[in-house]
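> Coordinates for the following, if possible.
(2 chains, ligands or ions: 1)
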Amino acid sequence: MTFIGKDLKVVGTRPIRPDGVDKVTGRANFGADMTMPGMIWGKIKRSPHAHARIKRIYTEKALSLPGVKAVVTAADFPDIAAEEAFAGEAIMDFRDLSRNCMARGKVLYDGHAVAAVAATSPAIAEAALDLIEIEYEVLPFVIDVEAAMAEDAPLLHDTLFTQGVEPKPSRPSNIAKRINFTKGDVEAGFREADHIIERRYTGKPVHQGYIEPHACVAAVAADGQCMIWSSSQGHFMVRQYCAHLLGIDISNIRAMPAEIGGGFGGKTLVYLEPVALALARKSGRPVKIVMTREEVFRASGPAAGSVVEVKLGAKKDGRLTAGEVVLKYQAGAFPGSPVGPGCMCAFAMYDLPNASVTGYDVVCNRPKVAAYRAPGAPNASWGVESCLDELAIELGIDPLSLREKNAARDGTKAVHGPTWQNIGYAETLAAVRAHPHWTAPLGPGQGRGIASGFWFNIGGESSAAVHIAEDGTAAVATGNPDIGGSRASIAMMVAEVLGIPVERVRAIVADTASIGYTFLTGGSRVTFATGMAATEAAERVVEELKKRAAMMWEISPEAVEWRDGMAYPAGPNAGAFEPLSLGEIAFRSARTGGPISAELSINAQGAGPGFGTHICDVEVDRETGAVKILRYTAIQDVGRAIHPAYVEGQLQGGVTQGIGWALNEEYIYDGEGRLDNPGFLDYRIPVASDLPMIDTVLVEVPNPRHPFGARGVGEVPIVPPTAAVANAIYRAAGVRLRDLPMSPPHVLAALDKSDG
Amino acid sequence: MPGLSFIAPTTIDEAVRALASAPGLAKCLAGGTDLLVQLRSGRSRPELIVDTKRIPDLIGIRDAGDHFVIGAATPGASISACAPLCRAWPGITEAVDLIGSQQIQGRASLGGNLCNASPAADSVPAVIAARATCVVAGPEGTREVPVEAIVTGPGQTSLKKGEFLVEFHVPKPAPHQSDAYLRFIPRTEMDIAVVGCAVNVTLGERGVCRDARVVLGAVAPTPILVPEAAEALVGHWLDEETLARLDAAARRASKPITDKRGTIEYRIKVAGVLARRTAAIAFKRAGEC
Ligand SMILES: Cc1cc2nc3c(=O)[nH]c(=O)nc-3n(C[C@H](O)[C@H](O)[C@H](O)COP(=O)(O)OP(=O)(O)OC[C@H]3O[C@@H](n4cnc5c(N)ncnc54)[C@H](O)[C@@H]3O)c2cc1C
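Prediction:
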């Protein structure tokens, strides 16, 4: 059944977030809050080298320290074979994942885990780390992507041969994969162009910057049954990966979801859980491990750094005739950068007749990249959206008109393959044109930029159960950790279907033993896919309620109608009965067949793609290079905003992270390949006072494949900001920044160069 | 594992005795906003921690006639809430107010900011520019030294074993004397100065500068007093020419390093810029009081 176009009572309103009070009062239990009787503390010994062979690990001294209960190294994990695992928005390999959790043979980056201890106090565990001695043979290392691609670069893996090139290479390389696809006739397209522009844009890796460091507790019972409490984007993922990495049956692991203090893609894989399990198994005690912020920076995340080369050809009137991009992405220590999605996103927003897209997935001696909001897309759009702006300037066309002229619409065949249907990109451009921000006057030294962004959004496997209580209230259980307010939106959809106030529906996140398999919280999928499962489960409950009412009235279920949380006789022919409320039916359910509930597991298809366009005003201090964001408006097609305030929150959060990426965030390595800024002091995410209020406009082009028309919304908003800021800086100060971050020293250097 | 002892004495003598007799490293604790971070990261591994906050002399602000007395452990929040001090030295109180956040301000002290001996400490340049002194207690009694004599290098002070800071003496301003402090950070707060600059000026007849002190932070191993920058101001109005001379003097005095927070070139350039901007504020204030 579809609710699109219907008059709705709950969906589209802004009730208080059900998990809000616990979170603002500190009652919520996050990953580090769990404790157990007999629990001990784990700590991880990490590599001080960017690249080294592990010759020997001496654990005896650590083991003899009073209070130390177990030490583990790679020898305590099965050496598993290469096998692909689908992990949210990235492909990864179980062998790599295992070696990322615990180095085997070689360490591949500063911070790589080499051993772990568990002891009766954190202080003893810390002291034991110093007693573990490791003999290394230090190897040459490589940090940057193009250096890693060079013929003579130090090799990370001698088993890695570039995929996607013919003939199959005979020598190993740091280039894990080459991707290439084309549309039309690229050479002819460039010949047709009146104007061609070719530029190169670079970006540094950035961390997801979630406030809650990774944390978990693992316990193994005498009969081998395991429990894991952890903060992750998917406890089913934790269960699956731990089972695989440690050779345990999935049925012997129960994974419990903690509240999660941010993930943004960075908690779609495991780091600590398998180690805690191995320590728990060895010590016989529950083991807790909590990362420090420094460990989070050195060993988890980040998003890929990249080099993006863009070439665009256009007619004088701005009509694009051809485009070409080459994307070089850092994967970190193991293959699997999001260069694939990056390639697909590069031109997804445009009706481009001829295009060629090439991508390289490149390993280097940095932590393995993890998903980060629209993984791969911001890097590609940083290049393409900046280059479009440069093209607009050279052609003397305003950047909004240039986008309007080339925007993908329904029926456009995208460069990466699909033919777009029910998309709202042009609608976001129209909303820019209509917005007062677009024409607001600017002061001296100020400038305005725009940029657009795209993300696929995904569906996938979801389960939901709706239970009706004896008093007619309802509970809805799903298997997705609530990161962005999904409990609220799930409860709202269920309340809408049942026809009761949302306060009478409780949404909970159920553990892996209490609900059917559910793919992780990622890909902007939960409101879409799990929302679909919950809606359909609620619809089944309504069918059941109608059946029960029919039984009580002794009429046929088809003769019962469900409206506003009540059963009514469908018409005069059905009979004259007083309506029955949900509460009345529930109260008597024992006499009509027992408890009323429905559980549903689906594989949701038809996630609607998301498009957004942002307007950014900046002011540049020409003497210090400081860039101030004066005003920012994010406009996005959201399909249908179930809870508009949380949709706006997603847009504001994405923009904030995008602005951090644009202005100050970067990993700084020293000459030895060690991370020099593993903390929030020198890894500068924006603070509240850095930003203006971020305005949002929710454009609603319904997604016909979702019962309420919802699309994923959480990832698109991080895509446009880097280019929007750079485009604004150009207009404010006359300098074009092509390297991220656009931090004060970089901006000042560019200004000095343009003055000199 | 080596143990860590903690005491919280209530008199200066008790504190001196404890600090002097500790066999290993002994550290004073004021607000702990530097020290606790260093303990956690393992950068500092003391055997004894002496909490100074229970010693009455170390907390509070007093008017002592021709000068203010600020207890070394007085939290920043009390300093920026002290109206007479804010009127007298807006540069000092604004500098204190820049430290960290509201939460940090509830603890962070002037004594800790100075004795942590970071070249980028925000309150130190303005305090030096005001010709403040500090009282140091030690096994041989107390001594009063100019603030600029305390810090000798990054993390290094001239305090001897058993010595600690009791209080600051900040002279009151002369007529038409005022100050200002600016720092440059990439963000708007919660950051460390890439460059800091304090300017303290006294104006004479028709707004001509009679006396000046210019102090730069984060461009050398310690905060530096720049007499050449002061000379650029004394005897002049604040016109374009004066500003240009000040800018040049500030640049010349800057001997920064390149690190993750800024390059040599960037810091030198911004030192000149900040000197000009800070002087403009200080002159305006001095002209108005
Ligand atoms: C989040 C955060 C943000 C910060 N932001 C800033 C900032 O913007 N600007 C800035 O300048 N600093 C900043 N700091 C650093 C710190 O807050 C300041 O340096 C603060 O003034 C230190 O004071 P405290 O009382 O906390 O010192 P403590 O940590 O207690 O002590 C610091 C050092 O001084 C010594 N010490 C303390 N009292 C005495 C005494 N009476 N005699 C001798 N030695 C003593 C201690 O042994 C220690 O070595 C920040 C710190 C944090 C954690």
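> where does the chain dip in pLDDT?
Using chain A. Filtered on pLDDT under 70, chain A yields the residue ranges A:87-90, A:756.
> My question was about chain B, not that one.
Where chain B drops to pLDDT under 70, the residues are B:1-2.
> Can you pull the residues of it lying near the ligand?
Neighbours of the ligand within chain B, by CB under 6 Å from any ligand atom: B:27-35, B:37, B:52, B:72-73, B:98-100, B:104, B:107-109, B:111-113, B:115-116, B:121-122, B:159, B:164-165, B:190. (C-beta placed from N, C-alpha, C; glycine too.)
> Going through these, which ones are buried?
B:27-35, B:52, B:72-73, B:98-100, B:107-109, B:111-113, B:115-116, B:121-122, B:159, B:164-165, B:190 (16 or more other CB atoms under 10 Å in any protein chain shown).
> packing partners for the strand or helix carrying residue A:492?
Following DSSP states H and E, one finds residue A:492 within helix A:486-498. Helix A:486-498 is packed against strand A:460-468, strand A:474-478, strand A:505-509, helix A:531-553, with contacts defined by 3 or more CB pairs under 8 Å, 6 or more residues apart in numbering or on different chains; DSSP states H and E.
> Check chain A for its longest strand and report it.
The longest strand of chain A (DSSP state E) is strand A:320-332.
> Kindly check the end-to-end length of stretch A:689-698 for me.
25 Å (CA to CA, to the nearest Å).
> what do you get for stretch A:153-166?
This stretch, stretch A:153-166, spans 21 Å end to end (CA to CA).
> Repeat that for stretch A:261-280.
Terminal residues of stretch A:261-280 lie 25 Å apart, using CA to CA.
> again with stretch B:73-81
15 Å.
> can you check stretch A:207-227 too?
Across stretch A:207-227, first to last residue, CA to CA, it's 29 Å.
> How about stretch B:133-150?
With CA to CA as the measure, stretch B:133-150 spans 10 Å from end to end.
> So for that stretch, what gets flagged as buried?
Neighbour count says stretch B:133-150 has B:133, B:134, B:135, B:136, B:137, B:138, B:147, B:148, B:150 buried, by 16+ other CB under 10 Å.
> got it, and stretch A:138-151?
Result for stretch A:138-151 [16+ other CB under 10 Å]: buried residues A:139, A:141, A:142, A:143, A:144, A:145, A:148, A:149.
> Please list the residues of the stretch 551-700 of chain A that sit near chain B.
A:623-626, A:663-664, A:668, A:676-677, A:680-682, A:684, A:686-687, A:689-690 (CB under 8 Å from any CB of the partner chain).
> if we can go back for a sec, residue B:183 is nearest to which of the helices and strands packed on helix A:486-498?
Closest approach to residue B:183 among the helices and strands packed on helix A:486-498 (CB to CB): strand A:505-509, 44.8 Å.
> which neighbours does that closest one have in its sheet, and in what orientation?
strand A:474-478 (parallel) (DSSP bridges).
> Which members of the buried residues of stretch A:138-151 occur in helices, if any?
Using DSSP state H, the members of these that fall in helices are A:145, A:148, A:149.
> Those into a markdown table, with extra columns for distance to chain B?
Output for these, formatted as a markdown table (distance: CB to the nearest CB, whole Å):
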| residue | distance to chain B |
| --- | --- |
| A:145 | 21 |
| A:148 | 22 |
| A:149 | 26 |
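> Correct me if wrong: residue B:29 contacts residue B:55.
No - counting by CB atoms under 8 Å, residue B:29 stays clear of residue B:55, with 11.5 Å between them.
> mind checking which of the helices and strands packed on helix A:486-498 is nearest the ligand?
strand A:505-509 (32.7 Å; CB to the nearest ligand atom).
> The closest one vs helix A:486-498, what angle?
Orientation check (axes from the mean of the first three to the mean of the last three CA atoms, to 10 degrees): strand A:505-509 against helix A:486-498 gives 140 degrees.
> now the angle from strand A:505-509 to strand A:460-468?
Going by the same axes, to 10 degrees, strand A:505-509 makes 140 degrees with strand A:460-468.
> Could you check how far strand A:505-509 is from the centre of its chain?
A distance of 23 Å separates the centroid of the chain from that of strand A:505-509, by CA atoms, centre = their mean, to the nearest Å.
> what's the domain layout of the chain?
Unless you meant another one, I'm taking chain A. Domain assignment for chain A by automatic domain parsing gives A:20-27+A:459-604, A:34-139+A:212-261+A:267-299, A:306-457+A:608-755.
> That was the other one, I meant chain B.
Taken from automatic domain parsing, chain B resolves into B:5-51, B:64-170, B:179-288.
> Let's have the helices and strands packed on helix A:486-498 in a markdown table, adding mean neighbour count and distance to the ligand.
A markdown table is the format used below for these (neighbours: other CB atoms under 10 Å in any protein chain shown; distance: least, CB to the nearest ligand atom, whole Å):
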| stretch | mean neighbour count | distance to the ligand |
| --- | --- | --- |
| strand A:460-468 | 24 | 41 |
| strand A:474-478 | 24 | 38 |
| strand A:505-509 | 22 | 33 |
| helix A:531-553 | 23 | 40 |
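> Out of these, flag the one nearest residue A:83.
Residue A:83 lies closest, by CB to CB, to one member of these: strand A:460-468, at 19.4 Å.
> by contact count, what packs against that closest one?
Looks like strand A:460-468 contacts strand A:474-478, helix A:486-498, helix A:531-553, strand A:597-604 (3+ CB pairs under 8 Å, 6+ apart).
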